[in-house]
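Visitor: 3D model of this:
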Amino acid sequence: MTSSKLKLYLLESLNPFVNLAYENHLLRSHSENESQDQIILLWKSSPSIVMGKFQNPWVECRVKEIRDRGINLVRRQSGGGCVYHDPGNLNYSFIGPRSNYDKSANAGIIVDALRSLGISAFENQRHDLRVDHEGEDYKISGCAFKEIRNSALHHGTLLMNADLDILNKLLRSKFEASTALGVKSVRSNVINLFDISNSLSEEKIKTSIQDSFGKYYKTDVEVLHITEQDICMLPDMISKISDTSSWQHIYGGTPKFSFKLNNIEVISKYARIIQVSNDDKDLLDLVIDKTYYDENILEKDKLSQKQHDFINACHEVLFL
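Guide: Residues are numbered from 1 along each chain as shown. From the prediction side, this is the model:
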């Protein structure tokens, strides 16, 4: 058993697939080594929609517009709801021993950091961070969690200067499912920290989080700067990043749901058709996203004209 250390990782990568793969790598390594270290990662992403592990992209967000804008669609390893990342959003990830995992303690470190900067933040029952500003209650940070054998992950967003117009637009789907399993996002009014105080900066927030982290555990914090190249040089990391960014992980992880296509009820699981109300067996096991076939030409060439037409019809319903 190793002694406990405090480590703050500052990731310089803006690639959400790289950063989330690295986060998962640290969580797994922490568990395998039965580490007692308390870790925080601070990182940012290029514009991205990040879903919880058990969410449906078509139900949660505007998938067509996300693709048209060239925005990343990402499925993370934790549960919870759908969030928007861009360089105006600072993400924090706590990794520590499962034996003394304390969500409120983690949230309290961020709250203390913000209060020291003049932001009257507070934690709610969901462990989200909120603030009262000019008589209104706003969310400034959502969070999600994952526990494995010896270790636990608690990560969240912190809105500094994100594009809230894009956030509010892309996280409101036009598609209506007949039924849908999976976790639904909880909508909240949001605000940027920089709109509350014009004296804030990203560096002030990072420094304050580091100070709050050290103060809570009464120990010095080791700061590590990690580049995208550092991450990609780790064993097997390229394949893990590839898996995280794959169609199979992002869309193929979608829980069971159903939708109407003309007069036909279509039931899909893992983005494949498992049942249709007209009992046409030729339509079973088709992928509901025609982009999948554009990227898998050998499978596309096996489709009949009827199957092509049905996939295109599904696409028109789903990609509004």
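
Visitor: contacts, neighbours, all on C-alpha from now
Guide: OK.

Visitor: most centrally placed residue in this protein?
Guide: The centroid of the chain falls nearest to residue 50 when counting by Cα atoms, centre = their mean (3.3 Å).

Visitor: that one contacts residue 84, correct?
Guide: Yes - counting by Cα atoms under 8 Å, residue 50 does reach residue 84; the two are 6.2 Å apart.

Visitor: remind me which residues of this structure are low pLDDT?
Guide: 1-3 (pLDDT under 70).

Visitor: which stretches of it form helices?
Guide: Using DSSP state H, the helices found in the chain span residues 16-32, 57-60, 63-69, 103-115, 164-170, 193-196, 202-217, 228-232, 237-244, 247-250, 290-295, 297-301, 305-318.

Visitor: residue 76 is nearest to which of those helices?
Guide: helix 16-32 (7.0 Å; Cα to Cα).

Visitor: which elements pack onto the closest one?
Guide: strand 89-97, strand 151-159, helix 228-232, helix 237-244 (3 or more Cα pairs under 8 Å, 6 or more residues apart in numbering; DSSP states H and E).

Visitor: and the residue nearest to residue 267 when sequence neighbours are not counted, what are its bridge partners?
Guide: Excluding its sequence neighbours, the residue lying closest to residue 267 (Cα to Cα, 6 or more residues apart in numbering) is residue 258, at 4.3 Å. Bridge pairing for residue 258 (DSSP bridges) gives the partners residue 179, residue 267.

Visitor: I'd assumed residue 179 was in contact with residue 258.
Guide: Yes - proximity of residue 258 to residue 179 meets the contact threshold set by Cα under 8 Å, at 5.2 Å.

Visitor: the two - which one has more neighbours?
Guide: The residue with more neighbours, out of residue 258 and residue 179, is residue 258; 20 against 10, by other Cα atoms under 10 Å.

Visitor: ok, that one to residue 265 distance?
Guide: 7 Å (Cα to Cα, to the nearest Å).

Visitor: now do residue 314
Guide: In terms of Cα to Cα, residue 314 sits 11 Å off from residue 265.

Visitor: check residue 31 too.
Guide: Noted for residue 31: a distance of 44 Å to residue 265, by Cα to Cα.

Visitor: follow-up on the earlier one: of all the helices and strands packed on helix 16-32, which one is nearest residue 64?
Guide: Of all those, it is helix 237-244 that lies closest to residue 64, at 20.2 Å by Cα to Cα.

Visitor: now the closest one: buried residues?
Guide: 237, 240, 241, 244 (16 or more other Cα atoms under 10 Å).

Visitor: try stretch 68-82
Guide: Per 16+ other Cα under 10 Å, stretch 68-82 contains these buried residues: 71, 72, 73, 74, 75, 76, 77, 78, 79, 80, 81, 82.

Visitor: pretty sure the fourth one is touching residue 247, no?
Guide: Yep, that's residue 74 we're talking about. No - using Cα under 8 Å, residue 74 is not in contact with residue 247, being 9.8 Å away.

Visitor: quick one: contacts for the residue nearest to the centre of the chain?
Guide: Residue 50 makes contact with 73, 74, 75, 76, 82, 83, 84, 85, according to Cα atoms under 8 Å, 6 or more residues apart in numbering.

Visitor: how about it, nearest residue that isn't a chain neighbour?
Guide: If the residues on either side of it in the chain are set aside, residue 50 comes closest to residue 74, at 4.6 Å by Cα to Cα, 6+ apart.

Visitor: next up, the contacts around that neighbour.
Guide: 16, 17, 48, 49, 50, 51, 244, 245, 250.

Visitor: what's the neighbour count on residue 146?
Guide: Residues lying near residue 146 (other Cα under 10 Å) number 16.

Visitor: for residue 307, give its distance to residue 276.
Guide: As for residue 307, its distance to residue 276 is 13 Å (criterion: Cα to Cα).

Visitor: please apply the same query to residue 168.
Guide: Look at residue 168 and residue 276: by Cα to Cα, they are 34 Å apart.

Visitor: residue 34 contacts residue 150, correct?
Guide: Yes - using Cα under 8 Å, residue 34 is in contact with residue 150, at 6.1 Å.

Visitor: mutual contacts of these two, please.
Guide: Common neighbours of residue 34 and residue 150 (Cα under 8 Å, 6+ apart) are residue 97.

Visitor: the spatially closest residue to residue 82 that is not a sequence neighbour bridge partners, please.
Guide: Nearest non-adjacent residue to residue 82, counting by Cα to Cα, 6+ apart: residue 51, 4.4 Å away. Taking DSSP bridges as the rule, residue 51 bridges to residue 75.
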